[in-house]
Structure formats: C-alpha cells, structure tokens
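*Asks:* what's the 3D shape of this:
(2 chains)
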2 protein chains.
Amino acid sequence: MTKSGSAIRALVFDAYGTLFDVTSVGALCEKKFPGHGKPLTELWRVKQLEYTWLCSLMGRYQDFWELTARGLRFACGALGLALEENTFRDLMENYLRLAPYPEVPEALERLAHRLPLAILSNGSPEMLLQVTRYNQLTPYFKAVLSVHDLGIFKPAPQVYALAERALDLPRHSIGFVSSNGWDAAGAKAFGLNVFWINRFSRYPETLGLEPDWEIRTLLDIEPKLP
Amino acid sequence: MTKSGSAIRALVFDAYGTLFDVTSVGALCEKKFPGHGKPLTELWRVKQLEYTWLCSLMGRYQDFWELTARGLRFACGALGLALEENTFRDLMENYLRLAPYPEVPEALERLAHRLPLAILSNGSPEMLLQVTRYNQLTPYFKAVLSVHDLGIFKPAPQVYALAERALDLPRHSIGFVSSNGWDAAGAKAFGLNVFWINRFSRYPETLGLEPDWEIRTLLDIEPKLP
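*Replies:* From the prediction side, this is the model:
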C-alpha cells in the first residue's frame, strides 16, 4: 500500500490482541486443563468478544472484566471442563498480566519519541491500568482510554470518537493500530487512519472497509510516518 | 421449568437456525469443496452472524443477503478455498431453499390452530419470502417481519419491538421461539416470553438472561400453552 502517513500526528493502539497477547493465558489454561489449553483459550476469546457485541446491541452494558468472566464460564462449560472457583480466579487474574507481543516495548519506545501515543480499548479502566503497569508500558502513553464511561463497546463509532476528544485532534490526523480485523474496520468506518497488524497472515475481513496499511508488527509503523 | 405459558396470545419465531436448518447448505458445500463441507458451513454461519453484529454497532447496515455473501467469501478465503463465481451463486441460492427442521411443518400446523404465528428475522424480506414459500410454510404466518426497515439486526431491542407493533400485543403476551441462544437472550432482555429450542444439547449462554423455557423441538411448545 502506498498511502502516505504524513497527516498522522498521534497514534492510538488497541490493547487486547494488539499490544497484549490474549493467547498468553494459554499456558495457564493448559496447566489447569491439560490437553484443552488451546481450544479453551480460543473459545474464551471468541465468547468474550461476542458478548461485548451482544450486550452493546441489547443496550445492556456489562464491563469487560465481567464479560471476560462470563466468556470463561461459557468456554469451560461448552468444553465440558469443570471450573473450580480458585481456577476461575487464577485464570482471570492472569488476564491482568498478559504478555505483550515481543516487539512491543521496543516499538513503543521508538514511536513515543516521534509523536503522542494512546491506548483505546474495550478493557475496563482497572484492567488497563494493571496490565499496562505490570508490563512497564505506562510511561509511553499520554492517555489510556476505556469504553467504560460510554457504556458501549467497539466498533460503535462513539468509542473511536473518544480518541479525537482526548487527543484534541481531528480523526484524519490520528493513526489507529489494531490486530483485530473487525476493530480496524470499525476505526476505518469512523474515519481514522488504520494500521492493521496482521501478525499471523490472517485472511482479511470482507466487510468492505479496508485498512490503510496492512503490516506485520508494530515495528512496521515507523517507516510509514512523516 | 415450571413457568406457566397462560399469558401467551401469539407466537413469534426466529427463522434461520430455528425454523430453517442453516447447516442444510452443508451438502452442497461438501459437493463443491469435498472434505471441507462442515468447516465451511460452520465458518460461513459464524461470520454471517458476526457481521450482522459488527455492522449494526458501526451504524452501517447492509442487508442479510449481502452479509451472507460476505460471510461466504470470508469463509472460503480463510479456509483457502477458491470460490468461483458460479459456485458462489449456487451456494447463495441454496440459502433460499434451506430445509426446515423435520418437525417444523407438523408443529406449525398444530400451533396455527391455537394462536396467531409470525416470523421475526434478520433475513431480508425477499429471502424470507422465498425460503418460506419454497417450504410451503407461508399460510401458517399472520406476519413475516424483517429487521430490514429498521436498518439494525438482532439483538437490538427495537427489532423485538416490531413483534409488539405487528401483533398489536404487549410483550408479556408474546411467546418468542429461537434456537439461537443469543437471540433468546435478546428477546428476554426486551421482555418477551422466551422458548429456547436446544436441539443439540448446547451449553447455555452465560449472559445472565435465561429463557423462560428450554425445550428440544417445536413440538414441545404446545404443552406449555394455555
């Protein structure tokens, strides 16, 4: 893609799946439920997201911590795994210590010297505070924005509008970075400049809302900047 | 469950997955892509639904026919299956001739003698007209209601409100029938009396919105009525 990123004056990052590897809970899932770690990790994530969309559409917001818990309970139930309360607690707490993708600290360090960075996430404020602090990434961000006060999840347009307000920049001056194809599509629909991080060579969403750039890791962002 | 259905004065049915078996396209999927019929059928359906939620949340409605097509293109792409235009057309047209579940004609025949029946579906009006007519089920329904004029999909509350208006009955007098757990949850959130058809012993959604009745087939509805 040959589009120029010269208009970009700030970068806004999705958190879960983009900065933080949601499958990093897989090791603990496998330890707790030997032989089921991978399907449990995958179904947990699928259901967590599905519930954000459903609750948003019903107009019945529950925060991301609650829906992460509901997703875990569903995933264990559907896979026939008995979820003891202490296992439940351990798995949930692991979500506050998700590992970043390997290049993330270096990429943020470099980008933060170039322009203001922010997080814009479905996560509840407390979840975002903890996972960012645990990974010592807090200093890189001017703002950590949660959907929580809006009471609706991505990809509702009012979520992406949070970035405009917090950064005091128009949408065409903001670069939005997400590994989640549906989130990239939502940001594009709103009018942000979108970097889709396609780490695993996934097939692109066919919603008709293509990202401005498809790149492999966060290190590929800097060469696109002015 | 011991709840009484005595308040119910009309029944409203979800279409896809409830009256019509969305996996009945599986045979043609398998014929077109030998060895891939099952994963293709499943991913097609997953993506079709996901796109209804995403487009609704973005405020960018596209009708169910279009999203069914987009879901099919994604599913083939993600599974590495080359989708020729005539195969695409054949698979899409098969969606207009989905088979009903085996007990559906008999159950509708019996229920239609007891109280008014309607369909309330994500499907576009033309899709619903065709699949209902093809299966000779049209005469059983007083109304076939589509989300189309609202420009938003289930489980948005305004969709379930269509049933109140079309039947001129308050929500507590309407029984809603769906095999889709998330749809049953949406109807329950709105205030309808919900029959969840759990044909395949699926694990229930953990959204905190339980159906009033969990039953196995449409034939289990009648004994719950006054």
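*Asks:* Pull the CA coordinates from stretch A:152-163 and hand them back as PDB.
*Replies:* Presented in PDB, the C-alpha positions along stretch A:152-163 are these (Å, rounded to 0.1, in the frame of the first residue of the first chain):
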ATOM      1  CA  ILE A 152     -20.800   0.500  24.800                       C
ATOM      2  CA  PHE A 153     -18.000  -1.400  23.100                       C
ATOM      3  CA  LYS A 154     -16.100  -1.300  19.900                       C
ATOM      4  CA  PRO A 155     -16.900  -1.000  17.000                       C
ATOM      5  CA  ALA A 156     -19.500   1.700  17.900                       C
ATOM      6  CA  PRO A 157     -18.400   5.000  16.400                       C
ATOM      7  CA  GLN A 158     -18.600   6.900  19.700                       C
ATOM      8  CA  VAL A 159     -15.800   4.700  21.000                       C
ATOM      9  CA  TYR A 160     -13.400   5.900  18.300                       C
ATOM     10  CA  ALA A 161     -14.600   9.400  18.900                       C
ATOM     11  CA  LEU A 162     -13.000   9.200  22.300                       C
ATOM     12  CA  ALA A 163      -9.600   9.400  20.700                       C
END
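*Asks:* quick one: the nearest residue to A:Tyr134 once chain neighbours are set aside from A:Val131, how far?
*Replies:* Nearest residue to A:Tyr134 in three dimensions, chain neighbours excluded: A:Arg97, at 5.0 Å (CB to CB, 6 or more residues apart in numbering or on different chains). To be clear about C-beta, it is placed using only N, CA and C from the backbone, and glycine gets the same treatment. Distance from A:Arg97 to A:Val131, counting by CB to CB, to the nearest Å: 7 Å.
*Asks:* same thing with A:Gly35?
*Replies:* Counting by CB to CB, the gap from A:Gly35 to A:Val131 is 28 Å.
*Asks:* same thing with A:Ala107?
*Replies:* Taking CB to CB, one finds A:Ala107 at 17 Å from A:Val131.
*Asks:* what about the strand or helix carrying A:Gly175 and chain B, touching?
*Replies:* Assigned by DSSP states H and E, A:Gly175 belongs to strand A:174-178. No - if you take CB under 8 Å from any CB of the partner chain as the test, strand A:174-178 misses chain B, and the best it gets is 13.4 Å.
*Asks:* CA atoms of that strand as CSV?
*Replies:* Written as CSV, here are the backbone C-alpha positions of strand A:174-178 (Å, rounded to 0.1, in the frame of the first residue of the first chain):
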residue,chain,number,x,y,z
ILE,A,174,-4.9,10.1,14.1
GLY,A,175,-3.4,6.7,13.3
PHE,A,176,-5.2,3.8,14.8
VAL,A,177,-3.4,0.5,15.3
SER,A,178,-5.2,-2.9,15.8
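*Asks:* Please name the strands paired to that strand in the sheet, noting orientation.
*Replies:* Strand A:174-178 sits in its sheet next to strand A:10-13 (parallel), strand A:193-197 (parallel), going by DSSP bridges.
*Asks:* Give me the sheet partners of the next helix or strand after the longest one and which way each runs.
*Replies:* Looking back up the chat, that one is strand A:193-197. For strand A:193-197, the following helix or strand on the C-terminal side (DSSP H and E) is strand A:213-215. Applying DSSP bridges to the sheet, strand A:213-215 is found paired with strand A:193-197 (parallel).
*Asks:* Residues touching the strand it pairs with, excluding its own?
*Replies:* The contact list for strand A:193-197 (CB atoms under 8 Å, 6 or more residues apart in numbering or on different chains) reads A:5, A:7-8, A:18, A:172, A:174-179, A:181, A:184, A:187-188, A:204, A:211-218, A:220-221, A:224.
*Asks:* Okay, buried residues for it please.
*Replies:* A:Asn193, A:Val194, A:Phe195, A:Trp196, A:Ile197 (16 or more other CB atoms under 10 Å in any protein chain shown).
*Asks:* And the furthest pair within those?
*Replies:* Within the buried residues of strand A:193-197, two members stand farthest from each other by CB to CB: A:Asn193 and A:Ile197, at 13.9 Å.
*Asks:* measure A:Trp196 to A:Ala185 for me?
*Replies:* Using CB to CB, A:Trp196 is found at 9 Å from A:Ala185.
*Asks:* Need the residues touching each of these two.
*Replies:* Joint contacts of A:Trp196 and A:Ala185 (CB under 8 Å, 6+ apart) are A:Pro211.
*Asks:* still on that earlier bit, I'd like the strands paired with strand A:174-178 as CSV, with mean pLDDT appended.
*Replies:* Output for these, formatted as CSV (pLDDT from 0 to 100):
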stretch, mean pLDDT
strand A:10-13, 98
strand A:193-197, 98
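*Asks:* Would you mind giving those as JSON lines with distance to A:Val25 added?
*Replies:* Output for the strands paired with strand A:174-178, formatted as JSON lines (distance: least, CB to CB, whole Å):
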{"stretch": "strand A:10-13", "distance to A:Val25": "20"}
{"stretch": "strand A:193-197", "distance to A:Val25": "20"}
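*Asks:* Using the record's domain definitions, break chain A down for me.
*Replies:* Domain ranges of chain A: A:10-21+A:99-224, A:22-95, per automatic domain parsing.
*Asks:* how about those domains in a markdown table, adding distance to B:Leu43?
*Replies:* Shown next, in a markdown table, are the domains of chain A (distance: least, CB to CB, whole Å):
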| stretch | distance to B:Leu43 |
| --- | --- |
| domain A:10-21+A:99-224 | 10 |
| domain A:22-95 | 12 |
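*Asks:* Run through chain A and note the low-pLDDT ranges.
*Replies:* A:1-5 (pLDDT under 70).
*Asks:* just the helices in it please.
*Replies:* Using DSSP state H, the helices of chain A run over A:26-32, A:37-58, A:64-78, A:85-94, A:104-112, A:125-134, A:157-167, A:181-190.
*Asks:* For the shortest one, report the contacting residues that lie outside it.
*Replies:* When contacts are defined by CB under 8 Å, 6+ apart, helix A:26-32 is touched by residues A:His36, A:Gly37, A:Lys38, A:Leu40, A:Thr41, A:Trp44, A:Thr87, A:Asp90, A:Leu91, A:Asn94.
*Asks:* hmm, back to that, relative to A:Leu57, which of the buried residues of strand A:193-197 is nearest.
*Replies:* Looking across these and measuring by CB to CB, the closest to A:Leu57 is A:Val194, at 23.0 Å.
*Asks:* What's the separation between the closest one and chain B?
*Replies:* In this view, A:Val194 and chain B are 13 Å apart by CB to the nearest CB, to the nearest Å.
*Asks:* Run through the residues of chain A sitting next to chain B.
*Replies:* Going by CB under 8 Å from any CB, the residues of chain A near chain B are A:50-51, A:53-60, A:62, A:70-71, A:73-74, A:77-78, A:152-157, A:182, A:185-186, A:189, A:202-208.
*Asks:* Only the buried subset of the residues you listed, as a ChimeraX command please.
*Replies:* ChimeraX command restricting the residues of chain A next to chain B to the buried ones, with burial defined by 16+ other CB under 10 Å:
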select /A:50,51,53,54,55,56,57,58,60,62,70,71,73,74,77,78,152,153,154,155,156,157,182,185,186,189,204,205,206,207
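*Asks:* Cool, thanks, signing off.
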